[in-house]
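Student: Below: sequence and its predicted model.
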Amino acid sequence: MARNDVTTEQDNTQAPTLGLAALIECLLFVAGRPLAVNELGRVLATPAAAVHAAIEELAAHDNGRGVMVQRFGDRVQLVTHPAASSLVQRFLGTEKRSPLRKAELETLALIAYRQPVTRAELEAVRGVNCDRPLAQLLARSLIEVTGRRETPGRPYIYATTLEFLETFGLRSLEELPPH
């Protein structure tokens, strides 16, 4: 058996041996939520470095497929390919949301490139109040509050979400265009 191949001890039948990348794909497929690398390592009894390598292998083979690996920090999930979004929306019967307004796009871009960031930091760059754009981006789950800054007033800290990556067809934040 190859080093990255795993079989279940409980199954005494002649089940095919699957590589680590294939097993991770199976877990991501059934999870229905993003999984942390350490969670995958624990379930598979595999070191995090091997899990990272298998995720890279899995991601390298998703070109031309209907699903792709999406990473967000230490979490990973399977998502449908952005090129199929209109077909998936039609199948699911979901309506397209109205496009983001200019203020929302500006605020989202600042958060994406400067995260983690506070409202005051956003307003210092934009020069205008960001309450409404932040509320709209939070409602769309494109951003989230990730904590509070340890400064006077303890302001909220904002960062992008997995929904942000899905909406813009990105696998990870590293795919953002250079600014």
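Tutor: Structure received. It should be emphasised that the depicted structure is a prediction, and the values quoted were computed from it without experimental measurement.
Student: Against residue 55, how distant is the residue nearest to residue 123 when sequence neighbours are not counted?
Tutor: Leaving aside its sequence neighbours, residue 123 sits nearest to residue 130 (C-beta to C-beta, 6 or more residues apart in numbering; 5.2 Å). The C-beta positions use only the backbone N, C-alpha and C, and glycine is treated the same way. Per C-beta to C-beta, to the nearest Å, residue 130 is found 35 Å from residue 55.
Student: Those two: which is more packed in?
Tutor: Shown here are residue 130 and residue 55; by other C-beta atoms under 10 Å, residue 130 has more neighbours (24 against 20).
Student: residue contacts, that one?
Tutor: When contacts are counted by C-beta atoms under 8 Å, 6 or more residues apart in numbering, residue 130 touches 103, 107, 119, 122-123.
Student: same deal with residue 62?
Tutor: 68-69 are the contacts of residue 62 under C-beta under 8 Å, 6+ apart.
Student: Which of the contacts of residue 130 has the largest number of neighbours?
Tutor: In the contacts of residue 130, the most neighbours by other C-beta under 10 Å go to residue 107, 28 neighbours.
Student: wait, it sits on residue 126?
Tutor: Yes. Counting by C-beta atoms under 8 Å, residue 107 does reach residue 126; the two are 6.9 Å apart.
Student: tell me the contacts of the spatially most central residue of the chain?
Tutor: Nearest to the mean C-alpha position of the chain, by C-alpha atoms, centre = their mean, lies residue 162 at 3.5 Å. By C-beta under 8 Å, 6+ apart, the residues touching residue 162 are 34, 70, 72, 75, 77.
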